[in-house]
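need a 3D model of the following:
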Amino acid sequence: MVMAGAAINAGAVVGENVIVNTGAIIEHDCRIGDSAQIGPGAIICGGVVVGEGAFIGVGACIVQSIKIGAQAFVSAGAVVTKDVPPGVVVRGNPARPCLRAGRR
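Modelled structure (predicted):
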């Protein structure tokens, strides 16, 4: 599902059952895994890989060429400058791990 004002740019691949929420931007050559959710106003820069079932919060920014692992959780407003392992919750600027997924 792609909501109003969202942009998915050239070369991006979006899996099945994905939500790209209002005003989100998925830049060139990104790969968004099945069942991932991209929050309103989130910016996913070029070449980013978002794993299956990952959640990107409202207004988060993922800088270029980062890998977000499966089932990872990026909190609202986080600025991700390093890869996020599967199942890890990150928050802040720069984003840092805070909890394991499932204990949000």
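
I would like the residues contacting stretch 66-85, please.
33, 39, 45, 48-63, 86-95, 97-98, 101, 104 (Cβ atoms under 8 Å, 6 or more residues apart in numbering). Where C-beta positions appear, they are placed from N, C-alpha and C, glycine not excepted.

pull out the buried members of those.
Burial by neighbour count, 16 or more other Cβ atoms under 10 Å: within these this picks out 33, 39, 45, 48-63, 87-91, 95, 101.

bridging residues for the residue nearest to the spatial centre of the chain?
What sits nearest the mean C-alpha location of the chain, by Cα atoms, centre = their mean, is I56, with 3.9 Å. Bridge pairing for I56 (DSSP bridges) gives the partners I38, V74.

which secondary element of this structure has the worst mean pLDDT?
Lowest by mean pLDDT, DSSP states H and E among the helices and strands of the chain is strand 96-100, with a mean of 79.

that older thread, next one, pLDDT for the residue nearest to the centre of the chain please.
pLDDT for I56: 98.

quick one: contacts for it?
Contacts of I56 by Cβ under 8 Å, 6+ apart are A36, Q37, I38, G39, A42, I44, V50, I62, I68, V74.

if we go to 10 Å?
20-21, 24, 26, 32, 36-39, 42-44, 48, 50, 62, 68, 72-76, 78, 80, 84 (Cβ atoms under 10 Å, 6 or more residues apart in numbering).

and the residues you listed, which are buried?
20-21, 24, 26, 32, 36-39, 42-44, 48, 50, 62, 68, 72-75, 78, 80, 84.

counting neighbours, what do you get for the spatially closest residue to C45 that is not a sequence neighbour?
In space, and not counting its chain neighbours, C45 is closest to Q64: 4.2 Å by Cβ to Cβ, 6 or more residues apart in numbering. Look at Q64: counted by other Cβ atoms under 10 Å, it has 14 neighbours.
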